[in-house]
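1. coords below, sequence missing:
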């Protein structure tokens, strides 16, 4: 089974759908491997540093979920993934699965593209998989997740 570590996961209804999808790709989330959504980015980086030492996760679940942290600052998964890539190079090869609501997925896709105002590094873009919430149950999405993990992740262990 591949170990999932989740940063600020969606509420349970959406989270259950995402985890069911990832479960079909031999991935599982332990209860203590999820950081609550109100955490700011600095807290999340520190938590991941502790949580992922000495055993790295096999998959990072980082929803886009643009919202405010406990101090009122806006946070989102894409900004966090950039910061994570820069500040925790030990996680630099771990695939990232990023679910997003159908409302924002087009904008996030533009932000992931090579012509974005602030393009992602090719290495970060390669390991990120954006999933539209309204497509989670589609067979094609299941195959996309499997293919992404087969290409970017170590075998389950």
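-> Done, it's in. Since the structure is predicted, the reported quantities are computational estimates derived from the model, not experimental observations.
2. quick check, residue 39 in a strand?
-> No - with DSSP: H, G, I helix; E, B strand; the rest coil as the criterion, residue 39 is assigned coil and is not in a strand.
3. How about the contacts made by it?
-> Neighbour list for residue 39: 7, 8, 47, 69, 70 [criterion: CB atoms under 8 Å, 6 or more residues apart in numbering]. All C-beta atoms are positioned from the backbone trio N, CA, C, and that covers glycine.
4. pretty sure the second one contacts residue 63?
-> Yes - at 6.6 Å, residue 8 counts as touching residue 63 under the criterion of CB atoms under 8 Å.
5. Common neighbours of the two, please.
-> Going by CB under 8 Å, 6+ apart, residues that sit against residue 8 and also against residue 63 are residue 77.
6. what's in contact with the helix ranked longest in the chain?
-> Using DSSP state H, we find that the single longest helix of the chain is helix 139-152. For helix 139-152, contacts defined as CB under 8 Å, 6+ apart pick out 2, 21-22, 24-25, 27, 59, 93, 95, 97, 126-127, 129, 131, 135.
7. So what are the sheet partners of the helix or strand of the chain with the lowest mean pLDDT and their directions?
-> The helix or strand of the chain with the lowest confidence, counting by mean pLDDT, DSSP states H and E, is strand 67-68 at a mean of 78. Paired strands of strand 67-68, with direction, are strand 74-75 (antiparallel) (DSSP bridges).
8. In the next helix or strand after the strand it pairs with, which residues are buried?
-> As assigned by DSSP states H and E, the chain's next helix or strand after strand 74-75 is helix 77-87. Neighbour-count burial for helix 77-87, counted by 16 or more other CB atoms under 10 Å, picks out 77, 78, 80, 81, 84, 85.
9. about what we covered before: want to throw the contacts of residue 39 into JSON lines with distance to residue 53, secondary structure and neighbour count?
-> Compiled in JSON lines, the contacts of residue 39 are given as follows (distance: CB to CB, whole Å; DSSP: H, G, I helix; E, B strand; the rest coil; neighbours: other CB atoms under 10 Å):
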{"residue": "7", "distance to residue 53": "16", "secondary structure": "strand", "neighbour count": "27"}
{"residue": "8", "distance to residue 53": "20", "secondary structure": "coil", "neighbour count": "24"}
{"residue": "47", "distance to residue 53": "11", "secondary structure": "helix", "neighbour count": "15"}
{"residue": "69", "distance to residue 53": "23", "secondary structure": "coil", "neighbour count": "17"}
{"residue": "70", "distance to residue 53": "24", "secondary structure": "coil", "neighbour count": "12"}
